[in-house]
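Asks: Fold the stuff below for me.
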Amino acid sequence: MESSLLDVLFLSEKRKNLLLLLLDGPKTIEEIKNTLDVRSSPIMTQIKILMKQDLIVENNRLYKLSSIGEILVPKMRAILETFNVFDKNHDYWINQDMTSIPPEFLDDIGKLGDYMEVNPDRNHVFEYPKEVVKHLSESEKVMISSSFFLPIYPSLCIELAAKGTDITLVFTEYVYDRMLNDYKKELEHFLNLKYTKLYVCNNNNMKIASSIVTEKFTALSLFCNSGIYYNHNLVSFDESALKWGKELFDHYKGVARPITKV
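Replies: Predicted structure coming up:
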């Protein structure tokens, strides 16, 4: 029976790995064997199947994606990345309000890559988990967006800025009002430091709980479907996650107004 294109793309780990490898550019059979750690006979069988489906071509002993392959394989990778994100912590995702993520970013949720869920211990339930604080303290540039208030915000942001960290905040009106009413002196101090910026957006323009982006990691925190929040962060160090997180932050910054004084 003739295999469908869908079967050829997804029903063999060897074929998937080979196609993803060729996304990086043409490869010789030796490069393929060495990179994928496979023997000649099994991989040649898969190459012939892919060539028969016009997904790869051979030229001067170099194998590369065909025109069809160049269209399909990036989409295949995006689907696989998304499956991997949801499959890694299925119970978490089914309980979170994923509609809070803007649609264009939800489509690329697979970019979170090899993330981990981190939570503060019970003695520091209203603070960032210690793993997050550690990486924040080692970062040179920090971007935080948040639609809810954490008591650690004033002291943490001032501490980071005071030591020269370039820190930009995007808060909702709710968070900004809380800072203004309860921590006005700290807020003034923060704005007077050298490498600080603050933006405020309408409450309806940010539905996620919070995000953190630095040159080292991205962290994302969502509300539950019930509307309840528990303090947690999905943390990823993958380059794709850093890019995704920065673009999400820029999205919120783009619909916010700058605050220079209070």
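Asks: Apart from its neighbours in sequence, what residue is nearest Ser12?
Replies: Using C-beta to C-beta, 6 or more residues apart in numbering and skipping the chain neighbours, the partner closest in space to Ser12 is Gln46 (6.5 Å). In this view, the C-beta of every residue, glycine as well, is placed from N, C-alpha and C.
Asks: Would it be right to say that Val200 lies in a helix?
Replies: No. Counting by DSSP: H, G, I helix; E, B strand; the rest coil, Val200 is not part of a helix but strand.
Asks: Outside of the helix or strand in which Val213 is found itself, list whatever touches it.
Replies: Per DSSP states H and E: Val213 is located in strand 210-214. Contact partners of strand 210-214, identified using C-beta atoms under 8 Å, 6 or more residues apart in numbering, comprise 132, 135-136, 139-148, 150, 218-221, 233, 242, 245-246, 248-249.
Asks: ok, of these, which come out buried?
Replies: By neighbour count, with 16 or more other C-beta atoms under 10 Å, these hold 132, 135-136, 139, 142-148, 150, 218-221, 233, 242, 245-246, 248-249 as buried.
Asks: What mean pLDDT does the longest helix anywhere in the chain get?
Replies: The helix that spans the most residues within the chain, counting by DSSP state H, is helix 67-88. The pLDDT scores in helix 67-88 average 94.
Asks: which element follows whichever helix or strand Lys253 is part of toward the C-terminus?
Replies: Under the criterion DSSP H and E, the helix or strand holding Lys253 is helix 239-254. Beyond helix 239-254 on the C-terminal side, the first helix or strand identified by DSSP H and E is strand 257-259.
Asks: circling back: other SSEs contacting the helix holding Lys253?
Replies: Applying 3 or more C-beta pairs under 8 Å, 6 or more residues apart in numbering; DSSP states H and E, one finds that helix 239-254 contacts helix 103-106, strand 141-146, strand 166-172, strand 196-201, strand 210-214, strand 218-221.
Asks: ok, the second one: who's next to it in the sheet?
Replies: In other words, strand 141-146. Strands adjacent to strand 141-146 in the sheet, as given by DSSP bridges, are strand 166-172 (parallel), strand 210-214 (antiparallel).
Asks: and the last one, average pLDDT?
Replies: Strand 210-214 shows a mean pLDDT of 96.
Asks: Please identify the buried residues of stretch 250-262?
Replies: The neighbour-count check on stretch 250-262 (16+ other C-beta under 10 Å) flags His251, Tyr252, Lys253, Ala256, Ile259 as buried.
Asks: Hmm, the fourth one is touching Cys201, no?
Replies: What that stands for is Ala256. Yes. Counting by C-beta atoms under 8 Å, Ala256 does reach Cys201; the two are 3.7 Å apart.
Asks: what do these two both touch?
Replies: By C-beta under 8 Å, 6+ apart, Ala256 and Cys201 have these common neighbours: Val170.
Asks: mind listing what Lys141 touches?
Replies: With contact set as C-beta under 8 Å, 6+ apart, Lys141 has these partners: Thr165, Asp166, Ile167, Thr214, Glu215.
Asks: and the last one, how many neighbours does it have?
Replies: Okay, so that is Glu215. For Glu215, the neighbour count with other C-beta atoms under 10 Å is 13.
Asks: Verify the contact between it and Ser139 for me.
Replies: Yes. Counting by C-beta under 8 Å, Glu215 does reach Ser139; the two are 6.1 Å apart.
Asks: Next one: Glu186 from Asn89, what distance?
Replies: 35 Å (C-beta to C-beta, to the nearest Å).
Asks: Compute the distance between the closest residue to His251 other than its chain neighbours and Lys14, please.
Replies: The shortest distance from His251 to any non-neighbouring residue, by C-beta to C-beta, 6+ apart, is to Pro102 (6.2 Å). Distance, Pro102 to Lys14, using C-beta to C-beta: 37 Å.
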